[in-house]
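# Quick one: sequence plus predicted model below, questions after.
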Amino acid sequence: MALPKLEDTLGIKAGLKGRHLLGIADWAPGELELLLDLADELKDLQRRREPHRLLEGRVLGLLFDKHSTRTRVSFEVGMAHLGGTALFLAPEQLQLARGESLRDTATVLSRYLDALAVRISSHEDVEELARCASIPVLNALTDRAHPCQALADLMTLRERLGELAGRRVAWVGDGNNVCASFVAAATTFGMHVVVAAPPDCEPPPVVLTAGSVELVEEPRDAVVGADAVYTDVWTSMGNEREEARRRQLLARYRIDDEVLAAAGPQAIVLHCLPAHVGEEITDEVLHGPQSAVWDQAENRLHTQKALLALVVS
């Protein structure tokens, strides 16, 4: 078992102990690659049922004010695999709900916890927590970014496609927070991203300057020749009041057999889940032979374990 190698070479010598992850751009390409390599190794250890208790006695706090399945479960299970504990913190049950400041909350939690994963509406609030905390703060989803999802996306693409540089990937639908993090991750590894979105649902301009990114309006223009086709729900958490309008705007941005045929048989399909089957994706595609969605969901576990192993002291 390679625990000394994992702890020393991939942890201390990498200089990542104590680091935050608020967005993909926070880490250099080499650091992200190191994390992905470690995730591969941890996935193999888990498959062989070999223990890898790298964080014995450590505690991760989960400060979540949004619903979660994959993010919460993968962080909790990941800490158990690593020998640590995860503690769920609902904001409405903390003194935050009675007016305690983010600064004071971060200061106190830093005395109890070894890391804090935060799923909260405002990206600025996560930045404030990171400024005030003396422990790693990990963005588990904000209105601006979802870097933990992007790490799993990269791991899945490497498993399915091999070398990533030069690959063409298509994003079809709403240019949301997941899109922003995926574009940042894909372009960091030399991929060309084509985003197909209607004018009112385009990603922010800063996303389109991340690297080799192209914006088109027609889904077919995006998917032709793509190695991967990625979509997400049309209405993100917090935007439910816009659901009817978004359904109308995005009705022709559904990934179905016809759109996938334009990409070709080599293309894999990605979706961060949960899926609204019949809206952004059909059941036939989501559960079809070109879907990598379930590997993608599993890889949330392995990439987050790697992240924790690297940043928790």
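All right, it came through fine.

# alpha carbons only for contacts and neighbour counts from here, please
Noted.

# mind checking which helix or strand A170 is in?
If you go by DSSP states H and E, A170 is part of strand 168-172.

# Restrict that strand to CA atoms and write it as PDB.
As requested, the backbone C-alpha atoms of strand 168-172 are provided in PDB (Å, rounded to 0.1, in the frame of the first residue of the first chain):
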ATOM      1  CA  ARG A 168     -13.500  19.600 -28.800                       C
ATOM      2  CA  VAL A 169     -16.300  19.700 -26.200                       C
ATOM      3  CA  ALA A 170     -19.700  21.200 -26.600                       C
ATOM      4  CA  TRP A 171     -21.900  22.800 -23.900                       C
ATOM      5  CA  VAL A 172     -25.500  23.000 -24.900                       C
END
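
# Mean pLDDT per element in this protein, and the minimum belongs to which helix or strand?
Across the helices and strands of the chain, mean confidence by mean pLDDT, DSSP states H and E is lowest for helix 3-7: a mean of 56.

# Give me the secondary structure label for L138.
Judged by DSSP: H, G, I helix; E, B strand; the rest coil, the three-state class of L138 is strand.

# Show me what it bridges to in the sheet.
When bridges are taken as DSSP bridges, the partners of L138 come out as L21, A117.

# can you pull the pLDDT of it?
Reported pLDDT at L138 in the predicted model: 98.

# Could you number the chain from 310 rather than 1 from now on?
Okay, residue one is now 310; in that scheme the one you just asked about reads as L447.

# Who are the contact partners of it?
By C-alpha atoms under 8 Å, 6 or more residues apart in numbering, the residues touching L447 are 329-331, 424-427.

# hmm, try it at 6 Å
Counting by C-alpha atoms under 6 Å, 6 or more residues apart in numbering, L447 touches 329-331, 426.

# does H455 really touch V487, like I thought?
Yes: using C-alpha atoms under 6 Å, H455 is in contact with V487, at 5.4 Å.

# what about the helices in the stretch 310-459 of the chain?
Under the criterion DSSP state H, counting those that start in this stretch, helices of the stretch 310-459 of the chain are mapped to 312-316, 338-356, 379-390, 411-421, 432-441, 456-470.

# Please identify the most buried of the ones you listed.
helix 456-470 (a mean of 22; mean count of other C-alpha atoms under 10 Å).

# R609 versus the closest residue to C510 other than its chain neighbours, what's the distance?
Taking C-alpha to C-alpha, 6 or more residues apart in numbering as the measure, C510 lies nearest to D483, with 5.2 Å between them; neighbours along the chain are not counted. Counting by C-alpha to C-alpha, to the nearest Å, the gap between D483 and R609 amounts to 22 Å.

# Equivalent analysis for A572, please.
Taken as C-alpha to C-alpha, the span from A572 to R609 is 26 Å.

# How about R379?
7 Å.

# and stretch 394-413, average pLDDT?
Across stretch 394-413, the average pLDDT comes to 95.

# got the end-to-end distance for that stretch?
Per C-alpha to C-alpha, stretch 394-413 runs 23 Å from first to last residue.

# what does stretch 583-592 give?
Using C-alpha to C-alpha, the span of stretch 583-592 from its first residue to its last is 13 Å.

# buried residues in it?
By neighbour count, with 16 or more other C-alpha atoms under 10 Å as the criterion, the buried positions of stretch 583-592 are 584, 588-591.

# which residues make contact with that stretch from outside it?
Contact with stretch 583-592 is made by 542, 563-565, as judged by C-alpha under 6 Å, 6+ apart.

# Let me know the closest of those residues to H390.
When the contacts of stretch 583-592 are compared for distance to H390 (C-alpha to C-alpha), V542 wins out at 30.6 Å.

# before we move on, the earlier item: what's the closest of the buried residues of stretch 583-592 to S443?
For S443, the nearest member of the buried residues of stretch 583-592 is A584. The distance, counting by C-alpha to C-alpha, is 36.5 Å.

# Not counting sequence-adjacent ones, nearest residue to Q458?
Closest to Q458 by C-alpha to C-alpha, 6+ apart is R609, at 6.6 Å.

# Need the per-residue pLDDT for the one you found.
R609 is assigned a predicted lDDT (pLDDT) of 98.
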